[in-house]
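Enquirer: generate coordinates for the sequence data below:
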Amino acid sequence: MLMQIIKYFMLFLILIGCTLLGRYISRKYVLRVKELEEIKNALNMFKSKIKFTYEPIPEIFDEIAKNTTNSVAQIFQKSKEKMQTTTANIAWEEAIDESENNLTKEDKYVLKTLSKLLGQTDVEGQTSQIEITQKFLETQLKEAQEQKEKNEKLYSKLGTTIGLAIVIILC
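Expert: Down below sits the predicted model:
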């Protein structure tokens with residue numbers, strides 16, 4: 001009797017574990033969309049600040065870091081810190097590489113395009129580079145939303161289905 005209870009408990013844990021794993025994988029798609037939207041908003045703020053306030057880039061990045069979520073704020077905060085020892089464009093690229101988020105390599109590549117003129121040209125040059133980056137980012141955001149719609153339910157249900165299949169096999 002005790003062995004049966006332990007067996008069913010272990011099978012229940014397998015089912016729960018597989019379901020949670022599926023949901024964990026599906027959550028990455030949701031978080032990627034949220035992070036891309038947050039970055040898009042942060043770049044709008046950056047463009048406005050450069051255009052109208054003429055504040056130095058580190059100060060703008062500090063303000064953006066305070067007004068965004070953790071994973072996106074991390075990029076701007078690290079970039080601001082690195083600007084104390086290196087140029088703005090190198091600091092931006094390194095901050096993107098070191099950031100821990102749900103962005104893909106393509107997303108990071110798009111964000112790195114911003115670094116080309118960052119801190120090296122006048123206000124117009126920098127705002128036009130931000131706009132170019134925003135257009136590329138819009139494409140990435142559409143792709144991320146399509147992947148989210150396609151894969152979120154898939155992985156969530158797949159985890160539960162695999163868990164149920166393992167439970168059935170082991171019974």
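
Enquirer: burial of the closest residue in space to residue 55 that isn't next to it in sequence, as a residue count?
Expert: Leaving aside its chain neighbours, residue 55 sits nearest to residue 49 (5.8 Å; criterion: Cβ to Cβ, 6 or more residues apart in numbering). C-beta here means a position set from N, CA and C on the backbone, and glycine is covered the same way. Residue neighbour count, defined by other Cβ atoms under 10 Å, stands at 17 for residue 49.

Enquirer: close enough to count as contact, residue 49 and residue 58?
Expert: No: judged on Cβ atoms under 8 Å, residue 49 makes no contact with residue 58 at a distance of 11.7 Å.

Enquirer: look through the chain and tell me its longest helix.
Expert: Counting by DSSP state H, the longest helix found in the chain is helix 2-52.

Enquirer: I'd like the next helix or strand past that helix.
Expert: Next along the chain after helix 2-52, taking DSSP states H and E as the criterion, comes helix 57-66.

Enquirer: who's in contact with that next one?
Expert: Residues outside helix 57-66 that contact it (Cβ atoms under 8 Å, 6 or more residues apart in numbering) are 42, 45-46, 49-50, 53, 73-74, 76-77, 79-80, 83-84, 88, 118-119.

Enquirer: let's see 6 Å
Expert: 42, 45, 46, 49, 73, 76, 77, 79, 80, 83, 88, 119 (Cβ atoms under 6 Å, 6 or more residues apart in numbering).

Enquirer: now the angle from it to helix 2-52?
Expert: For helix 57-66 against helix 2-52, the angle by axes from the mean of the first three to the mean of the last three Cα atoms, to 10 degrees is 140 degrees.

Enquirer: buried ones in helix 57-66?
Expert: Within helix 57-66, the residues scored as buried using 16 or more other Cβ atoms under 10 Å are 57, 58, 60, 61, 62, 63, 64, 65.

Enquirer: which is the next helix or strand following that helix?
Expert: helix 70-82.

Enquirer: buried residues in that following helix?
Expert: For helix 70-82, burial by neighbour count (16+ other Cβ under 10 Å) applies to 71, 72, 73, 74, 75, 76, 77, 78, 79, 80, 82.
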